[in-house]
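[1] Sequence and predicted structure below; questions after.
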Amino acid sequence: MAETPSGMLNSIGLQGPGIDAFLENDVPWLVSQGARIIISIAGENVEEYSILARRLRSVPGIAAVEVNISCPNVENRGLVFACDPDASRAVVEGVRRTLGGELPIIVKLSPDVTDITEIAQSVVDAGADALSLINTVLGMVINTESMRPHLAGKTGGLSGPAIRPIAVRAIYQVHHAIPKIPILGMGGVRSGRDALELILAGASGVSVGTAIFSNPKAIITTQNELRGLLMNKGFASLREAIGYAHRE
């Protein structure tokens, strides 16, 4: 990990105990706590996504499955699935075919593309019920003391306030192109005002990530601030504010 003036760069990968341990230990505990469970899956090839989805079909308590296609595709020389509409479609079609209509599918997209609306339309056509926008932006930090890349993997994902304008742009474009698809907005949110900006662009919900590193209460603070802002702006509900910036 490396701090940047307006965020954080990381190349820690997708760390976890594995699906066996997660299903045996984490899911039962989350169910006992009354949590709404959305499980995120990622794979290195199309088949791996379907295998993971198959493991989730009979698990009670799961509300939805996020399909993170912003991962290296080892079948295509390191290409990220989300950078290619055909590869994106293949992954989502496989997961949808495996899950049937049992669970909603949320597909997480990368901003590192020429036209994010093309990728979004591709996965929606393949069976996605919602989208997560956006994943981190590819970046790099060079240590001026060692004069070498700071991260062992050389490049990493940039998150934090620096990428919020990119998230707003991507959400706005996708909502304009596919207005009926729900969007979970993310990218640099650390206040209610930040969350409202994503909602006005078209997000139906907001995720908070990097801000938690410096403020463990960031989610609660953001939620409370957002509630106050919506009331002050005259919105009776969050739903009324979704995509409000698209008004003529």
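    Good, I have the coordinates.
[2] which residues in the chain form strands?
    For the chain, the strands defined by DSSP state E cover 2-4, 7-10, 37-41, 62-68, 72-73, 79-80, 105-108, 130-133, 137-140, 142-143, 148-149, 155-159, 183-185, 205-206.
[3] Looking at those, spot the one closest to residue 240.
    strand 205-206 (14.4 Å; CB to CB). C-betas here are computed from N, CA, C, even on glycine.
[4] Describe which strands the closest one pairs with in its sheet and in which direction.
    The strands that strand 205-206 pairs with in its sheet are strand 183-185 (parallel) (by DSSP bridges).
[5] quick one: contacts of the strand it pairs with?
    Defining contact as CB atoms under 8 Å, 6 or more residues apart in numbering, one finds that strand 183-185 is touched by 106, 130-133, 167, 171, 174-175, 195, 198-199, 201-207.
[6] coming back round to it: worst mean pLDDT among the strands of the chain?
    When the strands of the chain are compared by mean pLDDT, strand 72-73 comes last with a mean of 55.
[7] follow-up on the earlier one: of the contacts of strand 183-185, just the buried ones, PyMOL syntax please.
    Buried subset of these, written as a PyMOL selection, criterion 16 or more other CB atoms under 10 Å:
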select buried, resi 106+130+131+132+133+167+171+174+175+195+198+199+201+202+203+204+205+206
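[8] which ones are touching the closest residue in space to residue 96 that isn't next to it in sequence?
    Closest residue to residue 96 apart from its sequence neighbours, by CB to CB, 6 or more residues apart in numbering: residue 127 at 3.4 Å. With contact taken as CB under 8 Å, 6+ apart, residue 127 is in contact with 92-93, 95-96, 105.
[9] same deal with residue 92?
    By CB under 8 Å, 6+ apart, the residues touching residue 92 are 67, 69, 105, 107, 123, 126-128.
[10] Name the nearest residue to the residue nearest to the spatial centre of the chain, sequence neighbours excluded.
    By CA atoms, centre = their mean, the chain has its centre lying nearest to residue 132, at 3.9 Å. Leaving aside its sequence neighbours, residue 132 sits nearest to residue 108 (CB to CB, 6+ apart; 3.9 Å).
[11] what does residue 185 give?
    residue 203 (3.0 Å).
[12] Centroid-wise, who is the farthest residue in this structure?
    Of all residues in the chain, residue 145 has its C-alpha farthest from the mean position, at 34.2 Å, by CA atoms, centre = their mean.
[13] Let's see the pLDDT reported for it.
    As predicted, residue 145 sits at a pLDDT of 92.
[14] again with residue 209
    Residue 209 is assigned a pLDDT of 91 by the prediction.
[15] Residue 77 too?
    52.
[16] same question, residue 176
    Residue 176 is given a pLDDT of 98.
[17] what about it, neighbour count?
    Residue 176: 14 surrounding residues under other CB atoms under 10 Å.
[18] residue contacts, it?
    The contact partners of residue 176, by CB under 8 Å, 6+ apart, come to 117, 202, 246.
[19] my guess is residue 164 meets residue 187, correct?
    Yes. Between residue 164 and residue 187 a contact is recorded at 5.5 Å, counting by CB atoms under 8 Å.
[20] which residues do the two both contact?
    What both residue 164 and residue 187 touch, as defined by CB under 8 Å, 6+ apart, is the set residue 198.
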